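Trainee: Here is my input; please provide its structure:
(one chain, ligands or ions: 2)
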Amino acid sequence: MKKRVSPMASLFFISALAAAFHSSSEAAASSQSPFEDNFSIMWSENHFKTSEDGNTWFLSLDKETGCGFQTKQRYRFGWFSMKLKLVGGDSAGVVTAYYMCSENGAGPERDELDFEFLGNRTGQPYLIQTNVYKNGVGGREMRHMLWFDPTEEFHSYSILWNDHQIVFFVDRVPIRVFKNNGEKNYFFPNEKPMYLFSSIWNADDWATRGGLEKTDWKKAPFVSSYKDFSVDGCQWEDPYPACVSATTKKWWDQYQAWHLTDSQKMDFAWVQRNLVIYDYCKDTDRYPKLPVECSLSPWG
Ligand SMILES: *[C@@H]1O[C@H](CO)[C@@H](O)[C@H](O)[C@H]1NC(C)=O
Ligand SMILES: *[C@@H]1O[C@H](CO)[C@@H](O)[C@H](O)[C@H]1NC(C)=O
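Mentor: Ligands and ions are numbered 1, 2, ... in the order given. Alright, predicted model coming up:
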């Protein structure tokens, strides 16, 4: 199509050019800031920072507030991973949560997969707590010790999620396997797509030695760091979600990803023997009749 250029049109052209220039410089800025491509801040913008190159992110907690971010997209099934370095020194009472959730509030119907890092007094080990919620019901905690100090370096924390199992990994070592039973049930979240979140907050009413150890605000701000977010999964799109059914085209949905591999089984056995502090499936004081998912073998 040929265009005749009227004075009005050329004026329009100039302003369009200016707009295009402006938006392309914005696009360039955003591609230099990997954070904004995929995440937004949930609360307290001023407690969030990035490194100069934009690749490392910092969340801080002080007496006033914590901070949190979330992905812009939701996903259903896949491999979700990120590297975290936790608050060092005396971090009693501080919780860093890294989790997937179907909602951005704590709605009563939410599905959720949690990693929570419970801070501790200087020199005492961090614990990592995991939990699984379906339709707002959790209470499926496990707690583990780690085999390293998570405040010294970045380590990767990942979730494999498909219709058969949810596996929590630390540096590619499976620390927890949560199985589906292949039937309609009340324990295995597999229908709702989830966002990925992270946040840092004060939980000195319960986090460290059941709330006995209080947050020492003289040590604030408490800062946790993040980098290398990666997702190899199905990105949800409304109104015709691409990920409604599992496909055999994607590795995370395929047979090999329905079970641990042989070498993962060896790592998992080592974790089971050495690092488990708490397992709700063994807590018969709390659950005189153990929940049905507790009878599913992680080895299958
Ligand atoms: C991150 O954002 C980019 C740009 O919007 C997008 O192409 C990509 O799919 C996103 N990655 C994930 C894992 O959602
Ligand atoms: C903190 O350290 C103490 C002493 O090693 C330990 O008993 C406790 O389980 C640790 N973690 C938490 C979250 O309290």
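Trainee: residues near Asp283, how many?
Mentor: 14 (other C-beta atoms under 10 Å). Bear in mind the C-beta positions are built from the backbone N, C-alpha and C, glycine included.
Trainee: now the helices for the chain?
Mentor: 7-31, 34-38, 262-274 (DSSP state H).
Trainee: Now do the buried residues in the second one.
Mentor: Spelled out, that is helix 34-38. When neighbours are counted by 16 or more other C-beta atoms under 10 Å, the buried residues of helix 34-38 are found to be Pro34, Phe35.
Trainee: Which strands or helices does that helix pack on?
Mentor: Packing contacts for helix 34-38, counted by 3 or more C-beta pairs under 8 Å, 6 or more residues apart in numbering; DSSP states H and E, involve helix 7-31.
Trainee: same thing with the last one?
Mentor: With contacts taken as 3+ C-beta pairs under 8 Å, 6+ apart, helix 262-274 sits against strand 173-179.
Trainee: just the CA coordinates of the strand it packs on, formatted as CSV?
Mentor: Extracted in CSV, the C-alpha atoms of strand 173-179 (Å, rounded to 0.1, in the frame of the first residue of the first chain):
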residue,chain,number,x,y,z
VAL,A,173,19.7,-34.4,44.9
PRO,A,174,16.1,-35.4,45.4
ILE,A,175,15.2,-34.7,49.1
ARG,A,176,11.5,-35.4,48.9
VAL,A,177,9.3,-37.4,46.6
PHE,A,178,5.5,-36.9,46.7
LYS,A,179,3.6,-39.5,44.6
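Trainee: That one to helix 262-274, inter-axis angle?
Mentor: Interaxial angle of strand 173-179 relative to helix 262-274 (axes from the mean of the first three to the mean of the last three C-alpha atoms, to 10 degrees): 90 degrees.
Trainee: Pull up the pairing partners for strand 173-179, direction included.
Mentor: strand 165-170 (antiparallel) (DSSP bridges).
Trainee: which residues are in contact with the partner strand?
Mentor: The contact list for strand 165-170 (C-beta atoms under 8 Å, 6 or more residues apart in numbering) reads 81, 113, 115, 128, 130, 132, 146, 155-160, 174-180, 188-189, 257-260.
Trainee: Average pLDDT for that strand, rounded please.
Mentor: The pLDDT scores in strand 165-170 average 98.
Trainee: Would you mark the buried spots in that strand?
Mentor: For strand 165-170, the neighbour count (16+ other C-beta under 10 Å) marks Gln165, Ile166, Val167, Phe168, Phe169, Val170 as buried.
Trainee: tell me which residues of stretch 240-254 are tucked away?
Mentor: Within stretch 240-254, the residues that count as buried by 16+ other C-beta under 10 Å are Cys243, Ala246, Lys250, Trp252, Asp253.
Trainee: so which residue of the protein comes closest to ligand 2?
Mentor: The nearest approach of the chain to ligand 2 comes at Gln124, 3.3 Å away (C-beta to the nearest ligand atom).
Trainee: now that residue: how far from Pro221?
Mentor: 21 Å (C-beta to C-beta, to the nearest Å).
Trainee: When these two are compared, which one has more neighbours?
Mentor: Remark: of Gln124 and Pro221, Pro221 carries more neighbours, 17 against 14, as counted by other C-beta under 10 Å.
Trainee: What distance do you get for the more buried one to Met42?
Mentor: 18 Å.
Trainee: same thing with Asp62?
Mentor: For Asp62 relative to Met42 (C-beta to C-beta), the value is 17 Å.
Trainee: Over to Gly139?
Mentor: Taken as C-beta to C-beta, the span from Gly139 to Met42 is 24 Å.
Trainee: do the same with Gly93
Mentor: As judged by C-beta to C-beta, Gly93 and Met42 stand 21 Å apart.
Trainee: Which one's more surrounded, these two?
Mentor: Neighbours were counted for Gly93 and for Met42 using other C-beta under 10 Å; Gly93 has more, 27 against 17.
Trainee: Quick check: the more buried one touching Ala203?
Mentor: Yes - counting by C-beta atoms under 8 Å, Gly93 does reach Ala203; the two are 6.4 Å apart.
Trainee: on that earlier part again, can you tell me which of the buried residues of strand 165-170 comes closest to Gly88?
Mentor: Using C-beta to C-beta, Val170 comes nearest to Gly88 of these, at 17.9 Å.
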